[in-house]
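1. 3D model of this:
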Amino acid sequence: MKFMDDTFNIVVNEENAFTLDSSETEKLDVFQKTADSLNIIENGESLTVIVNEADFLRKKYKLKLNGSIYKIQIKDSLDIRIDEMGLAEEENTLVNELHAPMPGLLLEFQVSEGDSVSKGDALCVLEAMKMENTLTALRDGIIKTIHQEKGAAVEKGELLIEFEAE
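-> Predicted coordinates for the structure are as follows:
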């Protein structure tokens with residue numbers, strides 16, 4: 001039983017996008033040629049791909065193929081699902097507000113106005129569907145305003161905490 005399809009969204013040079021599924025990737029013969037290059041055989045044609053840069057965590061690569069450089073961004077089924085749910089973290093966006101990701105009950109706050117926090121620090125606990133969800137800071141900053149009180153029922157998208165602007 002599969003939880004999600006084996007689907008990959010691939011963006012090349014930030015403009016050309018396409019989707020591959022596992023049936024298409026299984027047709028490729030890929031084997032490592034050297035530490036930084038791959039040999040791919042598709043439909044009897046052999047291609048050598050040189051990996052110039054690899055950011056495995058963000059699934060971003062800079063590849064050289066036939067003398068041309070390509071920037072590649074790969075999203076697998078989980079990444080696609082996270083995007084669909086609106087939970088993807090934008091790299092270049094400075095987040096100054098924390099909003100409720102779902103309706104729920106605010107059980108507690110781990111911060112107060114004026115507190116300095118680091119990315120990943122726990123800010124508050126939201127109970128939703130009988131589960132406790134710890135909401136964390138998406139960036140370093142200082143808590144400007146807490147817009148809700150402990151015990152408040154909140155709706156999805158409701159403003160919880162505001163950071164001082166940088």
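
2. To what extent is Val154 buried, counted in neighbours?
-> 19 (other Cβ atoms under 10 Å). For the C-beta atoms, the positions are set from N, CA and C on the backbone; glycine is no exception.

3. what's the spacing between it and His99?
-> Val154 is 9 Å from His99, where distance means Cβ to Cβ, to the nearest Å.

4. residues shared between the contacts of those two?
-> Common neighbours of Val154 and His99, counting by Cβ atoms under 8 Å, 6 or more residues apart in numbering, are Leu160.

5. Which parts of this structure belong to which domain?
-> Following automatic domain parsing, one finds the domains of the chain at 7-82, 93-163.

6. top strand in this structure by residue count?
-> Looking across the chain with DSSP state E, the single longest strand is strand 45-55.

7. what stretches of the chain score poorly on pLDDT?
-> Regions of the chain meeting the criterion pLDDT under 70 cover residues 1-5, 57, 87-94.

8. Next, please give the residue ranges for the helices of this structure.
-> Residue ranges of the helices in the chain, as given by DSSP state H, are 22-25, 77-84.

9. quick one: contacts for Cys124?
-> 98, 106-111, 134-135, 160-161.

10. from the helices of the chain, which stretch is densest packed?
-> helix 77-84 (a mean of 14; mean count of other Cβ atoms under 10 Å).

11. Tell me which residues touch Ile143, please.
-> Neighbours of Ile143 in contact, by Cβ under 8 Å, 6+ apart: 111-117, 123, 161-164.

12. That one and Leu159, how far apart?
-> 13 Å.

13. quick one: Leu160 from Val125, how far?
-> From Leu160 to Val125 the distance is 11 Å (Cβ to Cβ).

14. Name the residues contacting each of the two.
-> 106, 135.
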